[in-house]
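# Any chance you could fold what I've pasted below:
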Amino acid sequence: MKRKSIKDNKIEDLLSNQKGIALLTTLIFIFILVTFAVALLAMTSNDIKLSALQRDSTKAFYIAESGIEKALWNLNTSVLKDGKGFDWRPSDTDPLFHEGTTAEYYDVTVETVQDETPILPEIIKINSTGVIKPVGVKNSRKRTITIEVKAKKGILPSDDLSYKYAIATDTSMLLKGNIKITGNIHSNGTIGVDGAYTLNGNSYAVGVNEVVGQDGKSHSGEENYEEHPQVDFNFYEELSKVSIYEGGFYDIDGATKYFDTGDEIIRGIHFIDGDVVIKSNLTIIGGAIFATGTITSEGNAQIIHTRRTENIHAGCTECYWDPDDPCYDPLCNNPFALVAKGNITLGGTVDTKGIIQTNSEFTYNGRITVNPGAIYADDGIFHGGGGKEVMDIVYYESLIDTTVPGTGLPFYIKISWQEK
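Okay, here's the model as predicted:
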């Protein structure tokens, strides 16, 4: 019995002995703290890496955006004004458009995805890749972001742009004889002479200029470069569909609209989605013909054009071209007569009090009187012919510093954006 008591006492003493428990508790606590510390450090390190990654991705994104904006600026700015012009197309096979430093830069390509036609606008695709490639920066690595933008060629309204010349071309102008011009002429290309002419004004060209103005000079040089107003065809297409303007829209999908029924009279904007051929007498009152294709007059065709100077709205006694004005009437005293995206080739007799304008070539053989008005073209051959045939152009001075509705500068306009 005594032995059992002694044994029980030993077990009780052993169980009640607290020596070393504090050390064990401390070690466990330290282990837990270290575990938490390691986990916290790992989380902090990951957060730092993620933050750096996010920072570099954001920088790469904005660099790519900068490449898009610079590419659009280059496209929409003439070479003579330090841009690249509409035809600029850096690609994967040609030298990329690359700007920046070795650590931060963008690479840009420009590709035509839809060629311009008489019916469809030109559409381009711009890819800009922003690159961040940090050197010697902890927790940073190379990041790339690519942005794709599609843009179509349209017309951007410009209050600073007006019809300043009796004749103006973008590439070349050739005066072939028996032509009389009252007003200045201008070309962003060359002006040549192949016959007699009378110029009651001065001539200005960026390239070779063979025409002597009334000041006795042939002005030439890059300082004479000027943007010419371009027509917003969409604007006038919509006007042709407004009934109060008495016009007409011909949705003929690129076919030909003929004016050949005799003494025909039309009013308002007649917009033809295709070509126009005039074979007989045509009178245009208070409006104009717009064609996405070509305009041609044949044989003994006679074209007479006059502007409407009365406001179509009741109670409005003057012409107002401000869309916010209650008396807004864009066709009141509107100067356009014949406008085409394609060539304008005129024969017979033309008598207009307005502007003839083409995005392509203007050619005339016959008798034409533009008084008052102007002729604008990409390039033009002006030939009064011989005998009674003559070309007489008198500049419409009211166009000086006047912005015509539905005109402006050619401009690539964004139509889509995506990050790739």
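# Glu227 in helix, strand or coil?
The three-state label given to Glu227 by DSSP: H, G, I helix; E, B strand; the rest coil is coil.
# For the closest residue to it other than its chain neighbours, list the residues it contacts.
Counting by CB to CB, 6 or more residues apart in numbering, Leu409 is the residue found nearest to Glu227 once chain neighbours are left out, at 5.8 Å. (Glycine included, C-beta is placed from N, CA and C.) Applying CB atoms under 8 Å, 6 or more residues apart in numbering, one finds that Leu409 lies in contact with 76, 155-156, 158, 161, 227, 229-230.
# Could you do Thr109 as well?
Contacts for Thr109 (CB under 8 Å, 6+ apart) come out as 90-92, 96-97, 126-127.
# can you do 6 Å?
When contacts are counted by CB atoms under 6 Å, 6 or more residues apart in numbering, Thr109 is found next to 90-92, 127.
# again, but for Gln230
Applying CB under 6 Å, 6+ apart, we find Gln230 in contact with 155, 410.
# State the distance from it to Pro405.
Applying CB to CB, to the nearest Å, one obtains 13 Å for the distance of Gln230 from Pro405.
# Okay, and the beta partners of Gly373?
Taking DSSP bridges, one obtains Tyr395 as the residues bridged to Gly373.
# How about the contacts made by it?
Residues in contact with Gly373, defined by CB under 6 Å, 6+ apart, are 352-355, 396.
# what's the closest of those to Met173?
Ile355 (16.1 Å; CB to CB).
# quick revisit: could the contacts of Gly373 go into CSV alongside pLDDT and secondary structure?
Output for the contacts of Gly373, formatted as CSV (pLDDT from 0 to 100; DSSP: H, G, I helix; E, B strand; the rest coil):
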residue, pLDDT, secondary structure
Thr352, 95, strand
Lys353, 94, coil
Gly354, 96, coil
Ile355, 98, strand
Tyr396, 95, coil
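# so which of those residues comes closest to His383?
Thr352 (17.2 Å).
# now Tyr364, nearest residue through space, not along the chain?
Taking CB to CB, 6+ apart, and ignoring the residues beside it in sequence, Tyr364 has Leu346 as its nearest neighbour in space, at 4.8 Å.
# How many residues are close by that neighbour?
For Leu346, the count of nearby residues is 22 (other CB atoms under 10 Å).
# Likewise for Asn311?
Under the neighbour criterion other CB under 10 Å, Asn311 is assigned a count of 18.
# what's it in contact with, if anything?
Applying CB under 6 Å, 6+ apart as the definition, the contact partners of Asn311 turn out to be 319, 327, 329, 332.
# Ramachandran coordinates for it?
Taking degrees, to the nearest 10, you get phi -70, psi 130 for the backbone angles of Asn311.
# if I look at it, how far off is Lys353?
Note on Asn311: its distance to Lys353, by CB to CB, is 18 Å.
# same thing with Gly201?
Using CB to CB, one obtains 19 Å as the distance from Gly201 to Lys353.
# Now do the helices in the stretch 101-250 of the chain.
Along the stretch 101-250 of the chain, the stretches classed as helices by DSSP state H, counting those that start in this stretch are 233-240.
# what bits of it have low per-residue confidence?
In the predicted model of the stretch 101-250 of the chain, residues 118-119, 135-140 satisfy pLDDT under 70.
# quick one: buried residues of stretch 148-159?
148-155 (16 or more other CB atoms under 10 Å).
# should've said stretch 317-334
Residues 319-321, 327-334 are the ones in stretch 317-334 that count as buried (16+ other CB under 10 Å).
# Not counting that stretch itself, show me its contacts.
Applying CB under 6 Å, 6+ apart, the external contacts of stretch 317-334 come out as 245, 307, 309, 311-313, 316, 405.
# so which of those is the most crowded?
With neighbours set by other CB under 10 Å, the maximum within the contacts of stretch 317-334 is found at Arg307, which has 23 neighbours.
# how much space between that one and Ala22?
Using CB to CB, one gets 107 Å for the distance from Arg307 to Ala22.
# which stretches of the stretch 251-400 of the chain form strands?
Listed in chain order, the strands found in the stretch 251-400 of the chain under DSSP state E, counting those that start in this stretch are 256-259, 264-272, 275-278, 281-291, 295-297, 302-306, 336-340, 344-346, 349-352, 355-358, 361-365, 367-383, 391-395.
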